[in-house]
Structures are given as C-alpha cells and as structure tokens.
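Engineer: What shape does this take:
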Amino acid sequence: MIDTPAIIQAVTEIIIAVGDDPAREGLAETPRRVAEMYQELFSGLRTDPREELKVGYELGYHEMVIMKSVPFYSMCEHHLLPFFGTVDIGYIPNAEGRVVGISKLARVVECVSRRPQVQERMATEIADAINDALKPYGVAVVIEAEHLCMVMRGIKKPGATVITSALRGIFHRQAASRAEFFSLIKGR
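Structural biologist: Residues are numbered from 1 along each chain as shown. Now for the predicted structure:
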C-alpha cells in the first residue's frame, strides 16, 4: 500500500511551492485525489507479472504466438509524467508447447506498466517475466510510446514516438525468427 497521508502532505506542499492556495475550492481535494490516483497508477510496484502466467496449457503448439497493440499507460520516472502507447509481444512455446491464455499477456503489460520507470526497462521486464514463467524458445517485445515529458516540456515535440525492443532466445539468435516477428507486427 502507498502512504496516503505522506502523498497528501507532499502534494499540498507542492501546491504551496508553485504559488497557489491548497485550500482554494478547486484544489481543496486535489491532494487526496492525487493519492488515490497514485494508488492505481503505481499498483505494479506491489505485483509480480510472473504470477499472471502461472496458469498455462500444454497444447503441443510450437508456432509463434503474437499479441499486437496492447495499449498501456505508464509514468516516466524522471519527470513523473505519463508515457503511453502499445506493446507487441511474441513468443515461441517450448518443447512441451506450453501456452497461456491471451489475456495473461495483456495482464503482464498492465502489471509492469503501473510503475515509475523508463520505457527500456519496461520492455526488458515484460520480456523477462514471460521468459522466466513460460521458458519458451524465444520472446520478443516491442513498445512504441509517446512521452508527455517530450510533449509538454523540454523539446516540445508532440507525435514523436520512442520504440524499444527486448529479444530473448531464438528471436535474439536467429535472424529469420526475428524477421518473421517484425513482419507480422508491422501488418497492423
């Protein structure tokens, strides 16, 4: 659980520090609302995405499984501003053909995205969770996101996206598997 009173106090102090009145009608409940929002936005700090992948099926399936365009919202750890976009995930089941329900992959994205972080770490943590839990022949994760820290401040470049990837196993070692994955996700 988050420390709600500490967040309320900190947000109150921030409002004062920027020169506004935390008792003003529009701001009076803002510290409490921010604390409630942080409870939700940072819930991934208290979850293990591998737990979402415990239930699977030994189907004997040995072809690539891909889930495309999983939407997410996360928070940049450098500015505590949102970044958002989509995640594409692919894996090739192991010798037993172990697969998970498709919603489980989206749940992994949800768990990992609800943390303060950088996009590069997010890609790595999603790939590692799937790799550790399913022990597949390979995992590929691609994240494309827009960062509000680049839109609202600093360089101010709306529409610019960042693409990161994390490749494990066969996707890292074999160009043909990697190329097949990338060609399938590009067919959005």
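Engineer: alpha carbons only for contacts and neighbour counts from here, please
Structural biologist: Will do.
Engineer: Could you point out the helix or strand that follows the lowest-mean-pLDDT helix or strand in the chain?
Structural biologist: In the chain, no helix or strand scores lower on mean pLDDT, DSSP states H and E than strand 56-58, which sits at a mean of 91. Using DSSP states H and E, the helix or strand that directly follows strand 56-58 along the chain is strand 65-76.
Engineer: pLDDT of the helix or strand that that next one is followed by, averaged?
Structural biologist: For strand 65-76, the following helix or strand on the C-terminal side (DSSP H and E) is strand 82-92. Confidence over strand 82-92, taken as the mean pLDDT, stands at 98.
Engineer: Report the angle between strand 82-92 and strand 65-76.
Structural biologist: Counting by axes from the mean of the first three to the mean of the last three CA atoms, to 10 degrees, strand 82-92 points 160 degrees away from the direction of strand 65-76.
Engineer: and strand 82-92, which strands flank it?
Structural biologist: Strand 82-92 has the following strand partners under DSSP bridges: strand 65-76 (antiparallel), strand 138-147 (antiparallel).
Engineer: Show the pLDDT at the most centrally placed residue in the chain.
Structural biologist: By CA atoms, centre = their mean, the chain has its centre lying nearest to S113, at 2.8 Å. S113 carries a pLDDT score of 98 in this model.
Engineer: wait, what's in contact with it?
Structural biologist: Residues in contact with S113 (CA atoms under 8 Å, 6 or more residues apart in numbering) are G44, F72, Y73, S74, M75, M122.
Engineer: roughly how far apart are it and R168?
Structural biologist: 20 Å (CA to CA, to the nearest Å).
Engineer: Just the buried residues of stretch 8-25, please?
Structural biologist: Judged by neighbour count using 16 or more other CA atoms under 10 Å, the buried positions of stretch 8-25 are I8, V11, T12, E13, I15, P22.
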